[in-house]
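Chemist: any chance you can model this:
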Amino acid sequence: MYLTRSSEIRRIGFVSTRFQGTDGVSLETEKWRQVLENMGYDCFFFSGLSDWDPEKSMVVEQAFFGHPLILDIQDRCFGVTVRGEGLSGEIQAIRFRLKRALYDFTEKFGIDLLIAENALTIPMNIPFGLAITEFIAETGIPAIAHHHDFAWERQRFSVNCVADYLSVAFPPRPHSINHVVINSEARQQLSYRCGLSSIIIPNVFDFDTAPPVIDDYGRSMREELGIGDDLLLLQPTRMVARKGIEHAIELASRLKSKKAHLLISHQERDEGSEYYQRTMDYADLLGVDLIIRPDLIGVARGETPDGKKKFSLWDCYLNADFVTYPSTYEGFGNAFLEALWFKKPILVNRYSIFQQDIEPLEFDVVVMDTYITPETVNTVNAILENPDAAEVMTERNFELGKRFFSFTLLEQRLKQVLMNFGQL
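Modeler: Prediction:
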């Protein structure tokens, strides 16, 4: 028997397809964990793939969206409009196993509240979403559905044979669930499409902690990459089409002061290799040195198998002269906040969420609207040639980030949500 609304919540279980690496969901979950633990809660984790504390985690492989059985199910669910009986049976069998695992998880760790991190939002693992939904419906356990990107925001999910499952679990409607979205457009669409109310908690960053300064280890990264004192532009994203990397390549090719190299920090190709190859060919065409070095750049510092230094994402930021963020769509924009924290000048495309939720706050950034113009190039050149002006710009942005997207804001918003369960 689970909590009533007046029962005390002390032990929180996070549930997602993976808690590993530097994807946006894992990063935001880690921030929520830090803030909730500082508030006095104990946090535990259920996922299909994890490199987090094993003593507080339960890993069930079929919860991972990249599990072979789940990938096979996904292939047969989308792009068609009729579902065979066999596919329904496979989905239900995995749903049942995952639901039983959720019972084991909550009993093992004494969970009082579940937080589903995007697992009830984007249908990357349909059996898992169904399992979580049914578990919440059967137990009445208090739950927060933290939504990062919905199915209707991705064209590849528009044709499918699982509309019944999507309407049940992506997102679900049990009364014990409180919904959290990361931007105002998602809030509007969730209300319009599903009749569900929600609270906005934007992505945040720990602006109360000063960013690191570059050390000798970090400085050696330029030598290892063979770029010396040339310009280093950092594209701190994965290589997927909506990240607009071709615009960063064009910018690098048009800068005048020094030769510019473009470093792609994240090596994942979650949406296939076609865009990767197109990007490489485009860089070749414009004569831009595109740096993609998973052998030397990872989540954390370390050593390669042949004894060379391995550098972190933070080393990439510390060595960058300028950050490019020309995405055509983002749920919010973790990389934007990271650039503010590291006090780096940044180019941003005016994607819809930026226009609605970030641009009105008057950050001092270089803005492009759909494509690079001569004015864009001239502005970036002026910033790179005037370090004092760049410092004024980035200091202002840091202070605005601290005001609007800090851990303090996250704590305030989490308290609001927890009050809905009779807490605080």
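Chemist: wait, isn't residue 246 in contact with residue 282?
Modeler: Yes: using C-beta atoms under 8 Å, residue 246 is in contact with residue 282, at 5.3 Å. In this view, the C-beta of every residue, glycine as well, is placed from N, C-alpha and C.
Chemist: in the stretch 251-400 of the chain, where is pLDDT below threshold?
Modeler: For the stretch 251-400 of the chain, the stretches flagged by pLDDT under 70 are 268-272.
Chemist: now the helices for it?
Modeler: 274-286, 313-319, 334-341, 352-353, 374-385, 387-404 (DSSP state H, counting those that start in this stretch).
Chemist: tell me which of those helices lies nearest to residue 46.
Modeler: Among these, the nearest to residue 46 by C-beta to C-beta is helix 334-341 (22.8 Å).
Chemist: now the angle from that closest one to helix 387-404?
Modeler: Helix 334-341 runs at 120 degrees relative to helix 387-404, counting by axes from the mean of the first three to the mean of the last three C-alpha atoms, to 10 degrees.
Chemist: need the winner for burial among the helices of the stretch 251-400 of the chain.
Modeler: helix 334-341 (a mean of 24; mean count of other C-beta atoms under 10 Å).
Chemist: helices or strands next to that one in the packing?
Modeler: helix 24-38, strand 322-325, strand 346-349, helix 387-404 (3 or more C-beta pairs under 8 Å, 6 or more residues apart in numbering; DSSP states H and E).
Chemist: I'd like the distance from the longest one to the chain centre, please.
Modeler: On the basis of C-alpha atoms, centre = their mean, to the nearest Å, the separation between the geometric centre of helix 387-404 and that of its chain is 23 Å.
Chemist: what inclination does it have with respect to helix 374-385?
Modeler: 100 degrees.
Chemist: export helix 387-404 to CSV, keeping only CA atoms.
Modeler: The C-alpha trace of helix 387-404 is given here as CSV (Å, rounded to 0.1, in the frame of the first residue of the first chain):
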residue,chain,number,x,y,z
PRO,A,387,38.4,40.2,-25.9
ASP,A,388,37.4,43.1,-23.5
ALA,A,389,34.0,43.5,-25.1
ALA,A,390,33.6,39.7,-25.1
GLU,A,391,34.3,39.6,-21.3
VAL,A,392,31.7,42.3,-20.6
MET,A,393,29.2,40.3,-22.7
THR,A,394,29.9,36.9,-21.0
GLU,A,395,29.9,38.3,-17.5
ARG,A,396,26.4,39.8,-18.1
ASN,A,397,25.2,36.5,-19.5
PHE,A,398,26.5,34.6,-16.4
GLU,A,399,24.6,36.9,-14.1
LEU,A,400,21.4,36.5,-16.1
GLY,A,401,21.9,32.7,-16.0
LYS,A,402,22.3,32.8,-12.3
ARG,A,403,19.1,34.8,-11.9
PHE,A,404,16.8,32.8,-14.2
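Chemist: what comes into contact with that helix?
Modeler: 202, 205, 207-208, 337, 340-341, 343-345, 361-365, 382-384 (C-beta atoms under 8 Å, 6 or more residues apart in numbering).
Chemist: now do the strands in the stretch 1-150 of the chain.
Modeler: In the stretch 1-150 of the chain, the strands defined using DSSP state E, counting those that start in this stretch lie at 11-15, 42-47, 57-59, 113-117, 143-146.
Chemist: can I get those strands in CSV with distance to residue 235?
Modeler: Shown next, in CSV, are those (distance: least, C-beta to C-beta, whole Å):
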stretch, distance to residue 235
strand 11-15, 29
strand 42-47, 28
strand 57-59, 32
strand 113-117, 25
strand 143-146, 26
